[in-house]
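1. After the sequence you'll find the predicted model.
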Amino acid sequence: MRRSLVPVFALLLALPLTVFAGSDPATGKLIVHEWGTFTTFVGSDGGQLAFRAGIGSDLPSFVLTRAEQADRFNPRNGFDKWELFTKDETVAQVRMETPVIYFYTDAPRDVEARVEFPQGMLTEFYPPVRSMTPSYDPKDGRDVLKGTSLDWGKIRIVPQATSAKYPKVEGPSHYVHARATDAATVQFSDRPTEMHEENFLFYRGLGNFYMKVTASAREDDQITLHNSSGGPISIAFLIRSAGGGRMRFAIHRNLDNGRQEGMTLPSKESSVGELSEAVVQALIAEGLYEKEARAMVKTWEDNWFGEEGTGTRVLYLLSRKSTGELLPLTITPTPDQTVRVMVGRIDVLTREQESRIATMFRKTATKEPLTAAEAREVNALGRFQRPALERVAQLQAWDVLNAVRTSASAQASGK
């Protein structure tokens, strides 16, 4: 009798997810791990600056936006044709980049998953969701910049489903690196004819709020890291690219809440490989499995270590308290273990850079052309170029205003 159940069970596994709506949870442990990045850009004084965040422009075509999900809910409205955020021009103070949620189980089981972003908007995700709040409104040009949620509802977790059909990623993409783990396959189906399979749950977002960890510039090789997050920062990296695959970086550990930590770049250069391995080991120490840590670094090494931007950046690990406040995550049934590791990235505009850009402003005012080195520095700012130029322009305006005030005051006093 028992042997006759084996092919029946195998047949059930091949059926759509909805078959398991009333199944009993599997025995054994459920483990959930997650990683992601919060990116901010600051001036030399540590103040956050909004930058071009983009929506969907660097993701595979199967990843959904809020508008595309709304069109799945109600295809007749054609909301995907009314996407009012443009991929290249969306600006925000915080970009939450590529959180992925992995599941580990020793037997197939059903779970439910929901994530919230109280201070921001969840912009892209895969698989599709069963509900999202608030509902998408194509008439609102800004959509919703805070208080959003994604609810996948019931999903099927299948350990190491070698027959899984993950959606094909066309061309080079950071997205595919996240699949290089031993995590279970996530199966999602909200339509009888569709089955979505992936190695994780994926989502991204943006928001206009202030992160409680920031950095201000001192001298060219020195910054001060400020932690007011309510929890400790276990490790932080100060990084500057030296070109040609060489880096300079400093590591600081155990920064308590309410503290300010001075960080100084060493004169000694290291390789990108050395820095990558140091970050991998920090992620493992925080609780990620080695394959997860390496997948995260592989996903972001071009941006963390290769993107020129300002040239100076800090990577730090958010406290678990901060992660829970920023991104409440609900998994039902409650996992036996949940590990969430979020990396904060801060690109810092140094005083020396602000001074060089100010010199460029003065040149353009007299129609003097920029040198090749100056033009390269401006172009290398990439997505941070516009806010960097706007900040320096504002500083220049204040300098002019103060000079006028000083001159007027001196003239009035007869000096």
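-> That came through, no problem.
2. low-confidence ranges in the stretch 101-250 of the chain?
-> Within the stretch 101-250 of the chain, the ranges that satisfy pLDDT under 70 run 138-144, 161.
3. how close does Glu219 get to Phe361?
-> Here Glu219 is placed at a distance of 23 Å from Phe361 (C-beta to C-beta, to the nearest Å). Where you see a C-beta, it was placed from the backbone N, CA and C, and this is true even at glycine.
4. just Ser270 next, same as before
-> Using C-beta to C-beta, we find Ser270 at a distance of 35 Å from Phe361.
5. Return the residues in contact with the residue nearest the centre of the chain.
-> The residue lying closest to the centre of the chain (C-alpha atoms, centre = their mean) is Glu97, at 1.9 Å. By C-beta atoms under 8 Å, 6 or more residues apart in numbering, Glu97 lies in contact with Gly36, Thr37, Phe38, Thr39, Arg204, Trp300.
6. was I right about the third one contacting Leu318?
-> This means Phe38. Yes: with contact defined as C-beta atoms under 8 Å, Phe38 counts as touching Leu318 (7.1 Å).
7. Quickly list what's touching both of these two.
-> Common contacts of Phe38 and Leu318, defined by C-beta under 8 Å, 6+ apart, comprise Leu326, Met342, Val343, Gly344.
8. Turn these into CSV, including distance to Lys291 and pLDDT.
-> Listed next are these as CSV, based on distance: C-beta to C-beta, whole Å; pLDDT from 0 to 100:
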residue, distance to Lys291, pLDDT
Leu326, 25, 96
Met342, 18, 98
Val343, 17, 98
Gly344, 23, 97
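9. Gly28 and Ala107 touch, don't they?
-> Yes: in this structure, Gly28 is within contact of Ala107 by C-beta under 8 Å, at 5.7 Å.
10. care to break this protein down by domain?
-> With automatic domain parsing as the criterion, the domains of the chain are listed as 26-210+329-342, 353-403.
11. what's the most buried one of these?
-> Highest mean neighbour count among the domains of the chain (mean count of other C-beta atoms under 10 Å): domain 26-210+329-342, with a mean of 18.
12. what about Ala397, which helix or strand?
-> Using DSSP states H and E, Ala397 sits within helix 385-412.
13. show me the contacts for Leu318.
-> Leu318 makes contacts with Phe38, Val213, Ser229, Ile233, Leu326, Met342, Val343, Gly344, as judged by C-beta under 8 Å, 6+ apart.
14. Make sure the last one is indeed in a strand.
-> Yes: when the secondary structure is assigned by DSSP: H, G, I helix; E, B strand; the rest coil, Gly344 falls within a strand.
15. neighbours of Thr264, just the number please.
-> A count of neighbours around Thr264, defined by other C-beta atoms under 10 Å, yields 13.
16. With Lys291 instead?
-> Lys291: 13 neighbours (other C-beta under 10 Å).
17. Now it. Nearest residue, chain neighbours left out?
-> Excluding the flanking residues, the one nearest Lys291 by C-beta to C-beta, 6 or more residues apart in numbering is Thr181, at 4.5 Å.
18. do the same with Val100
-> Phe200 (4.2 Å).
19. Let me see the contact set for that neighbour.
-> Val100, Ile101, Tyr102, Phe103, Ala178, Arg179, Thr181, Ala183, Val186.
20. Strands along the stretch 201-350 of the chain, start to end?
-> Using DSSP state E, counting those that start in this stretch, the strands of the stretch 201-350 of the chain run over residues 201-207, 213-217, 222-227, 233-243, 246-255, 260-264, 270-271, 312-317, 329-332, 337-348.
21. Ranking these by mean neighbour count, which comes first?
-> Among those, the stretch with the highest mean neighbour count (mean count of other C-beta under 10 Å) is strand 201-207, at a mean of 25.
22. Which neighbours in the sheet does that strand have, and how are they oriented?
-> The sheet places strand 201-207 alongside strand 94-105 (antiparallel), strand 121-126 (antiparallel), with pairing taken from DSSP bridges.
23. Residues contacting that strand, please?
-> Contacts to strand 201-207, defined as C-beta under 8 Å, 6+ apart, come from residues 53, 55, 59, 63, 90, 92-101, 113, 115, 117, 119-127, 145-146, 148, 150, 152, 155, 175, 178, 186.
24. Then stretch 234-249?
-> Contacts of stretch 234-249 (C-beta under 8 Å, 6+ apart): 221, 223, 225, 250-255, 261, 263-272, 274-275, 278-279, 282, 285-286, 304-306, 308, 311-317, 319.
25. would you list the domains of the chain in JSON lines and tack on distance to Arg294?
-> Output for the domains of the chain, formatted as JSON lines (distance: least, C-beta to C-beta, whole Å):
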{"stretch": "domain 26-210+329-342", "distance to Arg294": "7"}
{"stretch": "domain 353-403", "distance to Arg294": "26"}
